[in-house]
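> pasting the structure only:
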């Protein structure tokens with residue numbers, strides 16, 4: 001939900017005070033926005049396909065978007081965008097307007113509270129599923145390595161290691177052997193079940209490729225579904241600084 005601010009001014013003891021009043025207006029359901037570096041268009045709203053948690057899918061709102069760049073070549077690989085249930089975005093915006101909070105912690109809280117979240121990946125140039133798969137697997141392995149370190153924000157115990165190993169193999173099997181052309185969509189939808197497990201649903205152009213489900217896990221436990229999605233919001237590995245900046249701007253200032 002977009003917020004347009006109407007400002008009133010008043011003078012007190014020679015100073016000018018600013019009193020913002022927010023007016024909330026819904027974005028048109030069919031509107032698209034353009035990611036400036038790639039010139040690729042993304043919808044403001046998406047309806048995911050059916051998942052194990054949401055049989056009728058989920059209606060999610062764009063929060064921010066940005067390119068993934070191969071640094072040493074300066075080549076844009078794909079556009080990534082974060083989509084979240086609009087009610088959760090609206091509830092979080094007042095706290096973000098008051099200051100710069102921890103983005104990864106915010107998205108983690110949404111997921112742990114049962115809010116559906118998704119990262120949409122759209123290749124800027126033609127590639128194949130094996131490249132996308134290998135990149136995602138490297139990302140989840142990097143995040144798992146961090147989770148094993150003392151003092152990490154996440155925990156990965158012996159039981160978690162067993163589930164992690166199985167889930168990595170499950171993730172590998174979801175990718176078909178085919179090409180992915182520019183503008184096609186790969187959605188990583190993450191949801192929490194009533195039993196406390198986390199489910200990653202991989203969807204290609206709206207068609208479900210499969211699921212990866214963790215064991216029931218306590219708060220801050222490392223899992224493949226949450227670890228993969230949250231990697232886009234963190235700095236290790238640094239997937240896309242433009243994406244993080246855009247999401248923060250969406251929460252603090254105004255949604256795309």
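Great, that's in hand. This is a predicted model, so every value here is computed, not measured.

> and the longest helix along the chain, what's its mean pLDDT?
Secondary structure of the chain per DSSP state H: the longest helix is helix 129-147. Taken as a whole, helix 129-147 has a mean pLDDT of 95.

> got the residue ranges for the strands in the stretch 101-250 of the chain?
With DSSP state E, counting those that start in this stretch as the criterion, the stretch 101-250 of the chain has strands at 117-123, 127-128, 179-180, 186-192, 198-204, 207-213.

> switch those strands over to CSV; also include mean neighbour count.
Where you see a C-beta, it was placed from the backbone N, CA and C, and this is true even at glycine. What follows is the strands of the stretch 101-250 of the chain, written out as CSV (neighbours: other Cβ atoms under 10 Å):
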stretch, mean neighbour count
strand 117-123, 23
strand 127-128, 16
strand 179-180, 18
strand 186-192, 24
strand 198-204, 23
strand 207-213, 17
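
> possible to save these as TSV with distance to residue 88?
Output for the strands of the stretch 101-250 of the chain, formatted as TSV (distance: least, Cβ to Cβ, whole Å):
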stretch	distance to residue 88
strand 117-123	8
strand 127-128	32
strand 179-180	30
strand 186-192	12
strand 198-204	16
strand 207-213	22
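
> of the ones you listed, which is nearest residue 60?
Closest to residue 60 of the strands of the stretch 101-250 of the chain, according to Cβ to Cβ: strand 117-123, at 5.7 Å.

> rewinding a little: which one of the strands of the stretch 101-250 of the chain lies nearest to residue 252?
Comparing these by Cβ to Cβ, strand 117-123 comes nearest, at 18.4 Å.

> partners of that closest one in the sheet?
Strand partners for strand 117-123, identified by DSSP bridges, are recorded as strand 75-84 (antiparallel), strand 186-192 (antiparallel).

> now do the end-to-end distance for stretch 174-186.
12 Å (Cα to Cα, to the nearest Å).

> buried residues, the longest helix of the chain. List them.
Buried positions in helix 129-147, judged by neighbour count with 16 or more other Cβ atoms under 10 Å: 129, 132, 133, 135, 136, 137, 139, 140, 143, 144, 146, 147.

> now do it and strand 117-123, the angle between them.
140 degrees (axes from the mean of the first three to the mean of the last three Cα atoms, to 10 degrees).

> same list, the strands paired with strand 117-123, but as TSV with distance to residue 206 and mean pLDDT please.
Below are these laid out as TSV (distance: least, Cβ to Cβ, whole Å; pLDDT from 0 to 100):
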stretch	distance to residue 206	mean pLDDT
strand 75-84	13	95
strand 186-192	8	98
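
> sorry, back to before: looking at the strands of the stretch 101-250 of the chain, which is nearest to residue 166?
strand 207-213 (9.1 Å).

> report the angle between the closest one and strand 198-204.
Using the same axes, to 10 degrees: strand 207-213 against strand 198-204 is 160 degrees.

> residue ranges with poor pLDDT in the stretch 151-256 of the chain?
Residues of the stretch 151-256 of the chain meeting the criterion pLDDT under 70: none.

> redo that, cut-off 90
236 (pLDDT under 90).

> could you pull out the helices for it?
158-173, 224-231, 241-252 (DSSP state H, counting those that start in this stretch).
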